[in-house]
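Visitor: Predicted structure and sequence below. I'll ask about it afterward.
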Amino acid sequence: MKKLVFSTLMVLQAILVFAQQPTGISGKVIDSKTNAPLQNVVTSIENTNLTQLTDSEGKFRIVGIGVGNQILKVKSDGYKEQLLPLEIIANQVLDLGVVVLEEDIQTQEQQLSLVTLTENDLGDDNSGSESTSGLLQASRDVFQQAAAFNWGQARFRVRGLDTEYGVTMINGISMNKIYDGRPQWGNWGGLNDATRNQEFTMGSAPSDYTFGSLLGTQEINTRASIYRPGTRISFSGTNTNYNWRMMGTHASGLDKNGWAFIVSAGRRWAQEAHFEGTDYSANSFFASVEKRFGSNHALNFTSIYAQNRRGKNSPNTQEVIDLKGYDYNSYWGWQNGEKRNSRIKNLEEPILMLGHFWKLNDKTTLNTHLMYQTGQIGNSRLEYQNAGNPDPTYYQNLPSFELSKWDPVTLALTPNQAAADLLEASFLSGGQIKWEGEDGLYAANTNKIEKNSNYVLYEDRTDDKLIAANSVINSVLSDNISFNGGVSIKKLKSENFQNLLDLLGGEYFNDIDPFANSFDQSQSDLNNPNRQVGLNERFGYNYNLYAKNLNAFTQFKFNYKKVDFYLGQSYTFNEYQREGLYKNGYYPTNSFGKSDKVRFENFGFKGGATFKLGNHLLDFNALYQTKAPALKNVFGNARVNNQITANAQSETITGFDGSYIIRTPDFKGKITAYYSTIKNATETGFFFAEGSVEGTNGDDDAFVNEVVTGVDKENMGLEVGLEYNITKTIKATAAAAIGQYIYANNPNVTLNVDSSQTSFNYGDSYMKNYKIPGAPQQAFSVGIEYRDPNFWWIGANANYLDNNYLDVAPLLRVKNFVYEPGSAGSVFPEANEDRLKELLKQEKFDPVRLVNLSGGKSWRINNITVGLFASINNLFDSRYKTGGFEQARNANYREYNQDRLNGTPSFGPKYFISFGRTYFANFYINF
């Protein structure tokens, strides 16, 4: 009996042990070239929360997997992502053996070439880039890669949104400038190796680091221990913003004492880049060091220095393009046998960061970072007093000046062809800034009795001091619920002033406005009248901007077998203030000293759900938030006064998107429909206007500050990304963006006129249903790629982009535009509705067709990898308009119409022109 009982118990124990065998998988991940195990590779079961990192031996084990067909995703930075189909059997751990990851040379090298696009900015202000390409570098989504690599050269914007509606972070701290809301990509330019560890979310999808907005988030992680150990040296050549680049990076990996470090340095330069007279010089350095204290604490220090100096290229009218060609640049001239550019952008804003990583327990982490950033941004240009305009494209230097003259009584054109021919011949033979010569700038300053300079070179300078801190907690509350929360603060002091760079042969410069109507008005600082300015001295304007920012968010994520969903909330507080250091002669009572403080409190809510249907997903996201106006729009005329923009209020933002996603080992697809609105936006600008400018004391011409408030925008469309592995070596891709981005209302226009210290409200600008400018609203791409098992590859893609529109001038669309000056509302007698519609029709640019080629090869020699990457963009050398803007100088119907009668207006739109055919070649060594 005892033996029988004992045997029965043994059998039951065996049955129980067998029944308790886990269901899952195990395996080992190695490098395809070195066969070395890979640590910290992310292995996960698609459409579940089951994730595991590989250990130091490259091994992983995932249990609790549902029985049946599953897909394993194996992902690591710098390697091609693997999707492996599995058949899971109950109570068995499937041993996958060795999983081989191949280095993703293509994506790495494409990111190196992409940086040449993100550093262009369209404006002369001290703001960030307009391009969204930089925001997409972290993503391997088919659509987003097409948007960055294929369409970025044509300034495509995802969903038609400016980068201020995305959040770019380094170690969880937002790098979006308080001044304009955009990231300044140049702050880490040339450090591609060091900034490669990135996480990206699209739209309002949840991020572990911040609440986000409509465009998504980009998180750059610089923790030293996460970099793959090794050394990389590269040398590149290109014909875009620069010609040559050298870069070197070394990462130590984590040693047995808990130390890790990485250093990276680079240089980029060009004597003359793609456009005439555009020199380029940039030096970059990065260092990060980490020390771990046990298993729960670590400190990491990061320093980033990226200095950049580059010559700008001018936007040009169609007349200038026709005469001089696409690569013409009016900003440069010859001096001592070299091309000297008058418009130089200097950027130097180093970043220091200290981070603390705290593992509170196995389910909760708290990461805290402190940042200090200082430095300067300068944009140079020529200033002149009691002398002719030195701009070679000044309207009186061009043939259209003589061809567009008209009789003020009969309104008939009175062109002078002979005079126009002389201007054309002069422009064709010269057309550049005259630094030297008998009629040059130096001669004008020295060939006279007075010692003052009539011409000087100065820069608009911004010197920022920013202190920031953030703390983010991540906690797994239960098997199905996780929590993210964070708080961040920023404190900014921004010094803004004109800085004199070069007296051009003179001894001093008079700090006055020669166009002023009185002595007091002519003074930039009544506290120090008639100042004589020397080198590196401030003049013109001088003020500080102060800002404080508090941002907090919470987010709950719920994960279940068939559905995931999340809820997020945010609170933001902003405080702005201006301090004038000069008592401006135009605004003696409202320029010196501190302004009132302006405060904004804002909230945000978002949520979404993902429904899992095997290999198919349905994903939905919704967002509602309010957003404070950017600092530059609150003090719209900050250079001369403390005036706070009337009716400047927080924007109201709503967004919704829904996606169908399919992922199989051979086919990936995503189709997304989206809709968003932005209400109550504020925009500011400066220009010289002629005609119908109120408040000018009888003179209809004035330099004005335009403030447009209550701007509503509506963006909707479809995004498609498809990828199919035809064979193990051949892959086909397709992407499409079909959008409609419009102004949804008629915003209000106010002009501030310095000469009379007045503001005039023009009422509504009839902009409803005009297209939002700056980017193609439709884009299509097809591509094919071959990857050989012997580590070489080649790819090609063809692209079509359309529906890109000119930026229209709000002032030309107010009622006052058709009224005769001083007539109390009488319409110009020659004005008619058909002609008005023709004049104010928004220009649509020609469609763009682009073919791009790329390829690469790598070799393994002992423990050294040698590689070569090359790409050609715009193979057929298409030249096209990437953007442009209307000039509002002719601010009434008569002048605007007469200027266009001969077909070549003096004040036609100015256009930005694309690169032609460009190449990028990179040679690198990894060891």
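Guide: Looks like it arrived, so ask away. Residues are numbered from 1 along each chain as shown.
Visitor: Show me the strands in the stretch 151-300 of the chain, by range?
Guide: Applying DSSP state E, counting those that start in this stretch to the stretch 151-300 of the chain gives strands spanning 166-170, 173-174, 198-202, 216-220, 230-238, 244-251, 259-270, 280-293, 297-311.
Visitor: can you tell me which of the ones you listed comes nearest to residue 661?
Guide: Ranking these by proximity to residue 661 (Cβ to Cβ) places strand 198-202 first, at 11.7 Å. C-betas here are computed from N, CA, C, even on glycine.
Visitor: For that closest one, which strands pair with it and how are they oriented?
Guide: Note on strand 198-202: by DSSP bridges, its sheet partners are strand 216-220 (antiparallel).
Visitor: which residues sit against the partner strand?
Guide: The contact list for strand 216-220 (Cβ atoms under 8 Å, 6 or more residues apart in numbering) reads 134-135, 137-138, 158, 166-172, 188, 195, 197-205, 207-210.
Visitor: ok, now stretch 585-600?
Guide: So stretch 585-600 is contacted by 513, 516, 518-524, 526-527, 572-584, 628-629, 634-635, 640-644, 650, 754-755, 757 (Cβ under 8 Å, 6+ apart).
Visitor: correct me, but residue 494 touches residue 464?
Guide: Yes: shown here, residue 494 and residue 464 form a contact pair, counting by Cβ atoms under 8 Å, at 5.0 Å.
Visitor: circling back: can you list the strands of the stretch 151-300 of the chain in a markdown table and add mean neighbour count and distance to residue 552?
Guide: Listed next are the strands of the stretch 151-300 of the chain as a markdown table, based on neighbours: other Cβ atoms under 10 Å; distance: least, Cβ to Cβ, whole Å:
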| stretch | mean neighbour count | distance to residue 552 |
| --- | --- | --- |
| strand 166-170 | 25 | 14 |
| strand 173-174 | 24 | 13 |
| strand 198-202 | 20 | 19 |
| strand 216-220 | 24 | 16 |
| strand 230-238 | 17 | 39 |
| strand 244-251 | 19 | 34 |
| strand 259-270 | 21 | 31 |
| strand 280-293 | 19 | 27 |
| strand 297-311 | 20 | 23 |
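Visitor: can you list those strands in JSON lines and add mean pLDDT?
Guide: Rendered in JSON lines, the data for the strands of the stretch 151-300 of the chain read as follows (pLDDT from 0 to 100):
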{"stretch": "strand 166-170", "mean pLDDT": "96"}
{"stretch": "strand 173-174", "mean pLDDT": "97"}
{"stretch": "strand 198-202", "mean pLDDT": "91"}
{"stretch": "strand 216-220", "mean pLDDT": "94"}
{"stretch": "strand 230-238", "mean pLDDT": "96"}
{"stretch": "strand 244-251", "mean pLDDT": "97"}
{"stretch": "strand 259-270", "mean pLDDT": "97"}
{"stretch": "strand 280-293", "mean pLDDT": "97"}
{"stretch": "strand 297-311", "mean pLDDT": "97"}
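Visitor: so which of these gets nearest residue 182?
Guide: Closest to residue 182 of these is strand 166-170 (Cβ to Cβ; 8.8 Å).
Visitor: strands paired with that closest one, and their directions?
Guide: Here, using DSSP bridges, strand 166-170 pairs with strand 173-174 (antiparallel), strand 216-220 (parallel).
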